[in-house]
Structure formats: structure tokens, C-alpha cells
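Asker: Can you look at this prediction? I've put the sequence above it.
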There are 2 protein chains.
Amino acid sequence: MLIIKVGGGENINKAGIAEDIKKLKEPVVFVHGGRKQTDKVADALGRPTKRIQSPSGVTSVLTDKEALKTLTMVYAGLLNKEWVQVFQKQQVNAVGLSGADGRIWQGERKMNLIAAENGKEKLVKDTYTGKVNKINAGLINLLLENNYLPVITQPAITEDGELINTDNDRNLGVMAGALGAKKLVVLFEAPGMLESPEDESTVIRFIKKSELKNMMQFAKGMMKKKIIGAIEAFAAGAEEICWGDSRIENPVTSALEGKGTTIS
Amino acid sequence: MLIIKVGGGENINKAGIAEDIKKLKEPVVFVHGGRKQTDKVADALGRPTKRIQSPSGVTSVLTDKEALKTLTMVYAGLLNKEWVQVFQKQQVNAVGLSGADGRIWQGERKMNLIAAENGKEKLVKDTYTGKVNKINAGLINLLLENNYLPVITQPAITEDGELINTDNDRNLGVMAGALGAKKLVVLFEAPGMLESPEDESTVIRFIKKSELKNMMQFAKGMMKKKIIGAIEAFAAGAEEICWGDSRIENPVTSALEGKGTTIS
């Protein structure tokens, strides 16, 4: 089984990804993001996305009640069905689901966050953020056994039935563990992990999984979360992770052929 | 099997509907609308819903490309996951799906419509509207057999993989035929079919299915489509349809007990 995750950028070669997945022999679980489009819709609705910084310097989206609604509209509605449409056009029988559907992604809500603001720590209350710790592998396997492609995205759900925003990159590890997936493909809008974040020619072709932590020094922005997600995925039993470019001609097969960054 | 459909109003007793469904012994397929909320989001996005009138006087939503996006966000995203959440809070393992997922609702697109405007006929081009003619009963039954509640809504999909807006009321008949469902419950924001549309005390308790056509004289607005949908459902093999009030304490059981309008 292969878990393939694509970010939420605007230059993704969606048709190319669907074509690649159609050709694969093994069962695929597909996960997608949607942050850029969500920010656009949030702007259009006059309630722009707020961001906070943790005391350790990691920037996150602040998901209050209104932001959760916008996120649910865009991730689980607009973009999830756009992906389903892209796959269906290639005769891949995709079934789009949020993490809440059938409790595919169940997690714990973190209602209060600590944010750093002008050098001071500030308590941010009532956020709909959390961390997935339980996967409904039964539903995913049921779909796979019947030749459907599960296309999964935010939001997740708590045990009590609250919708929460969780981190796709970190959900990959929990999924790899629950599904016994050994191989992950993670696509984003860069050709791989870059030694100089501004220079796309500096792709690091291979990283030993034991050296992932040291890579944090090269990581900027969202790459930090990808490294954390990768470390967690290996801890959960994954054996190889291929990071690759979602914008190129054959995004999935190129990543699998080691044209991005391979970690094992 | 019972097919239960709820409209897209704002005063629906969602928790009451979920409680009722939890108590039912037979498998349920759930269909929901979302028009009111979609209109609100369309307004907030500065692209209000357009409506057209057919030459025969039936008012419909005009689904152009932008309207299709808004509809997909609100029906398949915001409201579908809100329903899933309501069911999950009652420990009913709901799985929310659009008609595009797994091609549950496949249909034909009607690209051009004839609208009546100021007494003249006008061609409206490039609409994403259509009519469902094929159900993926396999996927619905797969979910039911594994104790999931399918929660289905717009959009549907064409054979070529285009998303289209179809009519929930008319999809019920196609579903009843494909699934062999004999009984349908249709809930809306009125206590049933009213003899005087303005007077909620004039509920018609019982209608013979052979007399449904004559009821068109009492029907206003959306009720016309519900009658057409009911006629089609009976033609497809349904034996009893219960129309009832979605706003009251036990919306589903009340309708099943004949407290709304029963047609058979």
C-alpha cells in the first residue's frame, strides 16, 4: 500500500497525479491539503485567516469557529470534490472523505494554545485544533478492497464528535502505522528538500532516516512540519518516504524514481 | 430500507432527526439539501444565486461555474460534514458523500436551458445542471452492510466526470428504484402538504398515489418538485412516501406515524 499526500498549493499538476496513480499496481490512499484556496475564500468572505506563532517559532493557522467552517467548505467541499472529479475523469473510482466521515481520523482537541506575541506568551482559547491518534483502518481497507480510491482531507473529529483541524503531514504517520503502509509519497511545490531554500537546484537527493533531525537546520516554514511528520511516520513503521514536486509532468512516478528527496 | 431526505432550511431539528434515525431498526440512506445556506454564502462571496423561470413557470437555480463551486463548498463541505457531526455525536457512524464520490449519483448534463424572461424565451448556456439516471447501489449497500450511514448530497457527476447540480427530490426516485427501497421519508419546513399553502392547520393527512397529479393544484414553489419526485418514486417501485415536518421534536418517527402527509 502507498499513501500519497499532496499539499494545497495552486500550481499542482492534478491531472498528472491522477494519471500516475491510475498506472500504479498497488492500492493507494490519497490525502490532500487546501491551505492556499482556504485563505482565498476566507479573504473573499471578509474573515482572513489568522496565524499564530508558537513560543518555539513554528507558525500555525488559528482555527476558530468561523475558520473551521471555511476550512470545512474548502477542504472537504470544493477541493475534495475537485480531486474526486480529476480522478473520475481518468476513470479512477475516487471516494472523497473528510477525516470526520466514519471517524477515519479521530483525534484530541487542543482547545487552548500558547502563542508568542511581541516576545510575550499569550493564551489563545477555543481553538478547533487537534491531533489525530486513531484511524478507522476498517473503512479505508473496505474501500480499497472494493477498488475505490479513498481521497481524504480535513477536518478530523474528536471522540465527542467535534470537528477539528489537524495536520495532514502528522496524520500520515498515524495512518502508516494503522494501515501498515511502508512507503509514503509527499508532494509539494518544490523539487524536494533543498539545501538552500531559495535555490531549487540544491535538492538533497537522499537522507538517511537517522539523519532527519539534523535536516531541521535546512528547513524553512512548512518543511519543518514535513520533517516532524516524516520522523513520526518512520517511528510508526514506514520504511521509505519520497518527497517530490507536485508541479512537474509525472509527479508521483518521478518521486518514486528518486527524482526528489528519498528518505529511508 | 428507508430513504430519508431532509431539505436545506434553517430551522431543521438536526439532533432530533439523528436521534430518531439511531432508534430505527432498518438500514437508512440519508439525503440532505442546502439551498438556504448556499444562498447565504453566495451573498457573502458577492455572487448571489441567480434564478430562472422555465416557460412552464417552474423556478430553478441557475448553476453557472461559480454557483457550482459555491454549491459544492456548502452542500458537500459545510453542511454534509455538519450532518456527519450531528450523527457522530449520537454515535451513529455516518459517512458523508457527494453524488460524485464513487459515482453514487451519475447523470446527464443539460448544458443549455430555456428560460422565460419578460414573456420572451431566452437560451441560458453553459449551466452545470442535470438529471441523475444511474446510482452506484454497490457502494451504498457496501456502507450499509458495514453499519455505516451514508449521508449523501449534491453535486452529482456525469459519465465524463463533470460535476452537476441535480434535484434531490427527483434523485429519490432513481435511488428507490436502484436500491429497492419501498419507503421514503421526506422532511421539510411545513407540517405536510397543505390544502391552503399559508395555513399550517390544513395538512392533507393522506393522498392516494393515483391522485398525486391532482395535488399539483395545491402545490406552491418547491412542493411542485416534491410531487414530481413522489410520482417518479412510485413509478420506480416505492410503496409509501411520508412527508413531514423537519422542525418538530421527533421529525422522522412523527412522519412515519402519519402525522404529516402519507402517500401510498
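Answerer: Arrived safely, thanks for sending. Residues are numbered from 1 along each chain as shown, chains lettered A, B, ... in the order given.
Asker: Quick one: residues contacting the residue nearest in space to the middle of chain A.
Answerer: In chain A, the C-alpha nearest the mean C-alpha coordinate belongs to residue A:168, at 3.1 Å (CA atoms, centre = their mean). Taking CB atoms under 8 Å, 6 or more residues apart in numbering or on different chains as the contact definition, residue A:168 lies against A:5, A:31, A:32, A:33, A:153, A:154. In this view, the C-beta of every residue, glycine as well, is placed from N, C-alpha and C.
Asker: In strands only, show me the residues you listed.
Answerer: A:5, A:31, A:32, A:153 (DSSP state E).
Asker: contacting residues around the third one?
Answerer: With contacts defined as CB under 8 Å, 6+ apart, residue A:32 is in contact with A:5, A:6, A:7, A:8, A:75, A:79, A:80, A:83, A:151, A:152, A:153, A:168.
Asker: Nearest spatial neighbour of the first one, chain-adjacent residues omitted?
Answerer: Residue nearest to residue A:5 in three dimensions, not counting chain neighbours: residue A:31, with 4.2 Å by CB to CB, 6 or more residues apart in numbering or on different chains.
Asker: So what pairs up with that neighbour in the strands?
Answerer: residue A:5, residue A:152 (DSSP bridges).
Asker: can you redo the contacts of residue A:168 as JSON lines with pLDDT?
Answerer: Formatted as JSON lines, the contacts of residue A:168 follow (pLDDT from 0 to 100):
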{"residue": "A:5", "pLDDT": "98"}
{"residue": "A:31", "pLDDT": "98"}
{"residue": "A:32", "pLDDT": "98"}
{"residue": "A:33", "pLDDT": "97"}
{"residue": "A:153", "pLDDT": "98"}
{"residue": "A:154", "pLDDT": "98"}
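Asker: quick check, nearest of those to residue B:131?
Answerer: Residue B:131 lies nearest to residue A:153 out of the contacts of residue A:168, by CB to CB, at 28.9 Å.
Asker: Could you report the separation of the nearest residue to that closest one once chain neighbours are set aside from residue A:156?
Answerer: Spatial nearest neighbour of residue A:153, chain neighbours left out: residue A:75 (4.6 Å); criterion: CB to CB, 6+ apart. As for residue A:75, its distance to residue A:156 is 11 Å (criterion: CB to CB, to the nearest Å).
Asker: what residues are shared contacts of the two?
Answerer: Common neighbours of residue A:75 and residue A:156 (CB under 8 Å, 6+ apart) are residue A:98.
Asker: Hmm, residue A:235 is touching residue A:173, no?
Answerer: Yes. Taking contacts as CB atoms under 8 Å, residue A:235 lies within contact range of residue A:173: 6.9 Å.
Asker: In which helix or strand does the spatially closest residue to residue A:174 that is not a sequence neighbour reside?
Answerer: Distances taken as CB to CB, 6+ apart place residue A:132 nearest to residue A:174, at 5.2 Å, with adjacent residues excluded. Here residue A:132, judged by DSSP states H and E, is contained in strand A:130-135.
Asker: Which elements pack onto the strand or helix carrying residue A:40?
Answerer: Per DSSP H and E, residue A:40 falls inside helix A:35-44. Helices and strands touching helix A:35-44, as assessed by 3 or more CB pairs under 8 Å, 6 or more residues apart in numbering or on different chains; DSSP states H and E, comprise helix A:65-71.
Asker: List the buried residues of the helix it packs on.
Answerer: Residues of helix A:65-71 classed as buried by neighbour count (16 or more other CB atoms under 10 Å in any protein chain shown): A:67, A:68, A:69, A:70, A:71.
Asker: what's the answer for stretch A:214-231, then?
Answerer: Buried, per 16+ other CB under 10 Å, within stretch A:214-231: A:215, A:218-219, A:222-231.
Asker: mind checking the end-to-end distance for it?
Answerer: Stretch A:214-231 stretches 11 Å from its first residue to its last (CA to CA, to the nearest Å).
Asker: Which member of the ones in strands among the contacts of residue A:168 is positioned nearest chain B?
Answerer: Proximity of the ones in strands among the contacts of residue A:168 to chain B (CB to the nearest CB) peaks at residue A:153, which lies at 9.9 Å.
Asker: residues in contact with the closest one?
Answerer: A:31-34, A:75-76, A:79-80, A:96-99, A:168.
Asker: Near residue A:196, how many residues? Count them for me, please.
Answerer: 9 (other CB atoms under 10 Å in any protein chain shown).
Asker: what is the mean pLDDT for stretch A:174-187?
Answerer: Mean pLDDT, computed over stretch A:174-187, is 98.
Asker: same question but for stretch A:59-67, I mixed them up
Answerer: Here stretch A:59-67 scores 93 as its mean pLDDT.
Asker: In PDB, list the C-alpha atoms belonging to it.
Answerer: Taking Å, rounded to 0.1, in the frame of the first residue of the first chain, the C-alpha atoms of stretch A:59-67 are listed here in PDB:
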ATOM      1  CA  THR A  59       3.800  29.300  12.600                       C
ATOM      2  CA  SER A  60       0.300  27.800  12.600                       C
ATOM      3  CA  VAL A  61      -3.200  28.700  11.400                       C
ATOM      4  CA  LEU A  62      -5.500  29.800  14.200                       C
ATOM      5  CA  THR A  63      -8.700  27.700  13.700                       C
ATOM      6  CA  ASP A  64     -11.600  29.500  15.500                       C
ATOM      7  CA  LYS A  65     -15.200  28.500  14.800                       C
ATOM      8  CA  GLU A  66     -15.500  30.600  11.700                       C
ATOM      9  CA  ALA A  67     -12.200  29.500  10.300                       C
END
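Asker: how far away is residue A:63 from residue B:171?
Answerer: Residue A:63 is 34 Å from residue B:171, by CB to CB.
Asker: For the stretch 1-150 of chain A, which residues are neighbours of chain B?
Answerer: For the stretch 1-150 of chain A, the contact set with chain B under CB under 8 Å from any CB of the partner chain comprises A:41, A:44-46, A:69, A:72-78, A:80-82, A:84-86, A:88-90, A:93-98, A:100-103, A:138-139, A:142, A:146, A:148.
Asker: who touches whichever residue of the stretch 1-150 of chain A sits closest to chain B in this structure?
Answerer: Chain B sits closest to residue A:77 of the stretch 1-150 of chain A, with a gap of 2.0 Å, by CB to the nearest CB. By CB under 8 Å, 6+ apart, the contact set of residue A:77 is B:72, B:73, B:74, B:75, B:76, B:77, B:78, B:80.
Asker: Now the last one: which helix or strand?
Answerer: When you say that, I think you mean residue B:80. Residue-wise, residue B:80 maps onto helix B:80-89 under DSSP H and E.
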